[in-house]
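> build me a model from this:
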Amino acid sequence: MISIKDIAKKAGVSISTVSYALNGNPKVTEETRMRILKIAQELNYVPNAAARTLKNRVSKIIGVYLNDFSGAFYGEVLQGMKEVLNKRGYDLIVCSGSYSHRWLPQRMIDGAIVLDHSFASEELLHLAGNGHKVVVLDRELNHPNVNQVLLDNKAGASLAVEFLIDKGHRKLYVVSGPKGSYDSRQRMQAVKQTVERHPEVECIEIEGNFDKESGEEAAKRIVAEYKEPAAVFCLNDEMAIGVYNTVMKANYRIGEHIHLIGFDNIELTQYTQPRLATIDYSKRKWGTLASEQVLKLIAGEEVEHERIYVTLVEGESVGRG
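Residues are numbered from 1 along each chain as shown. Here you go, the predicted model:
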């Protein structure tokens, strides 16, 4: 790899002069700068970003940590993050896996946005304790260098269950998410609290994994146990689509035999017939707020925790019980 030492040797100048020229420093004349830039181009010189980051202690890059890249959920969230960061001169990189956890202490990124339950809270608090800036979207952490931008999971789950009960349903299946998921835990907690206020409701939990395949598996059990119309609350829309497809293939009708509601209002739900009932919120705003908060932390500004509010989307996938 060509270094500034090689450029200095060919140009017959000092290494510091080359550095000044490449960085536009007025300490060198325009004539010298242009000559050095031409030599750098001839030698195919590429600046070492890692070395520059170590020197300046700023990378102008924010890392977003995700546990999964599949499904229709992440696109709008990431787009919201990217729009804010790009306007402020930052780039966004998507990270996954334990190796990328080193990028904060190595200062390859200036801050982190975390939506990854496999990134341990203890590790995040350790990083925050060393001065690194973190925004979490999937847990509650108390530290001056950590900000929370959380979805109102409990309100959303309560809305969904109350909607089913108000429609007259008394047998309720709930397809949960991964055990390590904060969102799933919060939603299940709200489901149980709501059902406790309605002792006439039978609630059956089926463990899912926030993907279409686990929804399909849950639907197989629901269909096998079918004796009378039942309601199903999937804790995300991906699983609800899996339930939807399997029920339809089994010659049962959504909204008549199986009454179904999801959570997230992904784009696909708008095209299901009957239309899938779901819980809606602005995924783009979630991403936007996360980026704004991490930039405030980096700038040393005071920040308050944020919450993303939810609404019910009534669909024909839920009829009267």
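
> neighbours of the nearest residue in space to Val58 that is not next to it in sequence, how many?
Among residues not flanking Val58 along the chain, Asp110 sits closest, at 6.2 Å (CB to CB, 6 or more residues apart in numbering). Where you see a C-beta, it was placed from the backbone N, CA and C, and this is true even at glycine. The tally of other residues near Asp110 (other CB atoms under 10 Å) stands at 22.

> make residue 1 into 265 and carry on from there
I'll keep to 265 as the first residue from here, and by that count the last item is Asp374.

> would you mind measuring from Asp374 to Lys274?
In this view, Asp374 and Lys274 are 34 Å apart by CB to CB, to the nearest Å.

> check Ser323 too.
Going from Ser323 to Lys274 by CB to CB gives 29 Å.

> now the residue lying closest to Arg366 once chain neighbours are set aside: how far from Leu401?
Leaving aside its sequence neighbours, Arg366 sits nearest to Met372 (CB to CB, 6+ apart; 7.9 Å). From Met372 across to Leu401, the span is 21 Å (CB to CB).

> so the two - more neighbours on which side?
More crowded of Met372 and Leu401, by other CB under 10 Å: Leu401, with 24 against 18.

> residues in contact with the more buried one?
Ile377, Val378, Leu379, Gln412, Val413, Leu414, Leu415, Trp550, Ala554 (CB atoms under 8 Å, 6 or more residues apart in numbering).

> just put those residues in TSV and tack on pLDDT and distance to Ser283.
TSV is the format used below for the contacts of Leu401 (pLDDT from 0 to 100; distance: CB to CB, whole Å):
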residue	pLDDT	distance to Ser283
Ile377	98	33
Val378	97	36
Leu379	95	39
Gln412	98	42
Val413	98	40
Leu414	97	45
Leu415	97	47
Trp550	97	42
Ala554	98	36
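
> where do the helices of this structure begin and end?
268-275, 279-286, 294-306, 313-320, 338-351, 385-393, 417-430, 446-460, 476-488, 501-513, 547-563 (DSSP state H).

> turn these into JSON lines, including mean neighbour count and distance to Pro408.
Shown next, in JSON lines, are the helices of the chain (neighbours: other CB atoms under 10 Å; distance: least, CB to CB, whole Å):
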{"stretch": "helix 268-275", "mean neighbour count": "16", "distance to Pro408": "39"}
{"stretch": "helix 279-286", "mean neighbour count": "19", "distance to Pro408": "36"}
{"stretch": "helix 294-306", "mean neighbour count": "15", "distance to Pro408": "43"}
{"stretch": "helix 313-320", "mean neighbour count": "12", "distance to Pro408": "24"}
{"stretch": "helix 338-351", "mean neighbour count": "18", "distance to Pro408": "22"}
{"stretch": "helix 385-393", "mean neighbour count": "16", "distance to Pro408": "8"}
{"stretch": "helix 417-430", "mean neighbour count": "21", "distance to Pro408": "25"}
{"stretch": "helix 446-460", "mean neighbour count": "19", "distance to Pro408": "21"}
{"stretch": "helix 476-488", "mean neighbour count": "20", "distance to Pro408": "38"}
{"stretch": "helix 501-513", "mean neighbour count": "24", "distance to Pro408": "36"}
{"stretch": "helix 547-563", "mean neighbour count": "21", "distance to Pro408": "9"}
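
> next, count neighbours for Thr533.
Neighbours of Thr533 (other CB under 10 Å): 22.
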